[in-house]
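In: Take this sequence and fold it.
(chains A and B)
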Amino acid sequence: MTPLTAYLLVAALLFAIGLAGALTRRNAILVLIGIELMLNSANLNLIAFWRYGPHPEALTGMMFAIFSIAVAAAEAAVGLGLVIHIHRHAHTTDLDKMNRMKG
Amino acid sequence: MSFAFYLVAGLTLAGGLAAVLLKNTVHCALALTVAFAGLALLFLQLDAQFAGFAQILVYIGAVAILIVFAILLTKGSETPKDGVFSRSWLAGLAVAAAVFAILGWAVLQSAHVLPHEMAVPQVTVLQIGNALMGRYVLPLEIVALLLTAATIGAVIVAMHEKEGRK
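Out: Residues are numbered from 1 along each chain as shown, chains lettered A, B, ... in the order given. Below you'll find the model as predicted:
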């Protein structure tokens, strides 16, 4: 098994773990944690392809990962702000109980 | 593959699994921090020092703290009586397993055509800075705008509503 294959398999497993968390947990914050894990595993793919692919000096994969980290930080801030707002409004973070769009 | 890779990969995956499976939400956030640290170590193993330290600063320093704050502000650390998994957890687990099966199959099928450069890339922070200010200056400005908008948006969304105004 080449190193790139091993890194890609680890990233795929981490992505599946994050997806399982996002799909099965009831707490909205835990769903956001699952999404963060998925974003991070995508970053691991980008960095692994940058390291083992041709022309690493062009920095393409590295730049992609850095911008992805920045976008994920913005996503986390807005997502947690929304969860806090919904908790103040509906007094729950349980997604099974959030079944109305009207407040 | 080296022993260090298996150690760090195991740590990362264990952290991720614990973050998804544990009952107490605060414990989940701490396990998530372990997974982030493991990923940073994997980045360092891949000779991406800048990305590794950015991962530590942004994820462990900011995102994990933000998640702990959100958990404490929403009293999410109390374990609900009727379980932590949703009613349709079996379907979610099946979808995740199917996604992993397809991804793993695709990776293993294409293993012989994947690139395999062994030379360690020599990339300095100076080169990354030059690239950010040169070729990638437009994405950098867009990300700066996005972060500003996200900060303002998060503050406005999470702000207390005034009395009498709905």
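In: From now on I want contacts and neighbour counts done on CA atoms only, so please keep to that.
Out: Fine.
In: mind checking how far the most centrally placed residue in chain B is from chain A?
Out: When Cα atoms, centre = their mean is applied to chain B, the residue found nearest the centroid is B:F36 (6.2 Å). Noted for B:F36: a distance of 8 Å to chain A, by Cα to the nearest Cα, to the nearest Å.
In: Work out for me the element that residue sits within.
Out: Using DSSP states H and E, the element containing B:F36 is helix B:25-45.
In: Please export the alpha-carbon coordinates of that helix; PDB is fine.
Out: Provided in PDB are the C-alpha atoms of helix B:25-45 (Å, rounded to 0.1, in the frame of the first residue of the first chain):
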ATOM      1  CA  THR B  25     -21.600  16.700  24.700                       C
ATOM      2  CA  VAL B  26     -18.700  18.300  26.500                       C
ATOM      3  CA  HIS B  27     -16.800  15.000  26.200                       C
ATOM      4  CA  CYS B  28     -17.600  15.000  22.500                       C
ATOM      5  CA  ALA B  29     -16.100  18.400  22.100                       C
ATOM      6  CA  LEU B  30     -12.900  17.300  23.900                       C
ATOM      7  CA  ALA B  31     -12.700  14.200  21.700                       C
ATOM      8  CA  LEU B  32     -13.100  16.400  18.700                       C
ATOM      9  CA  THR B  33     -10.100  18.400  19.900                       C
ATOM     10  CA  VAL B  34      -8.100  15.200  19.900                       C
ATOM     11  CA  ALA B  35      -9.100  14.400  16.300                       C
ATOM     12  CA  PHE B  36      -8.100  18.000  15.300                       C
ATOM     13  CA  ALA B  37      -4.700  17.500  16.900                       C
ATOM     14  CA  GLY B  38      -4.200  14.200  15.200                       C
ATOM     15  CA  LEU B  39      -5.100  15.800  11.900                       C
ATOM     16  CA  ALA B  40      -2.500  18.500  12.500                       C
ATOM     17  CA  LEU B  41       0.100  15.800  13.200                       C
ATOM     18  CA  LEU B  42      -0.900  14.100   9.900                       C
ATOM     19  CA  PHE B  43      -0.400  17.400   8.100                       C
ATOM     20  CA  LEU B  44       3.100  17.700   9.800                       C
ATOM     21  CA  GLN B  45       3.900  14.200   8.600                       C
END
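In: give me every residue that touches the residue lying closest to B:W89 once chain neighbours are set aside.
Out: Ranked by Cα to Cα, 6 or more residues apart in numbering or on different chains and with sequence neighbours excluded, the top spatial neighbour of B:W89 is A:T24, at 4.5 Å. Under the criterion of Cα atoms under 8 Å, 6 or more residues apart in numbering or on different chains, the contact partners of A:T24 comprise B:F85, B:S86, B:S88, B:W89, B:L90, B:G92, B:L93.
In: Return the subset of those residues lying in strands.
Out: Secondary structure defined by DSSP state E assigns none of the contacts of A:T24 to strands.
In: any chance of those residues in TSV, with neighbour count too?
Out: Output for the contacts of A:T24, formatted as TSV (neighbours: other Cα atoms under 10 Å in any protein chain shown):
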residue	neighbour count
B:F85	19
B:S86	17
B:S88	13
B:W89	17
B:L90	14
B:G92	19
B:L93	19
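In: Could you pull out the helices in chain A for me?
Out: A:3-24, A:28-52, A:60-90 (DSSP state H).
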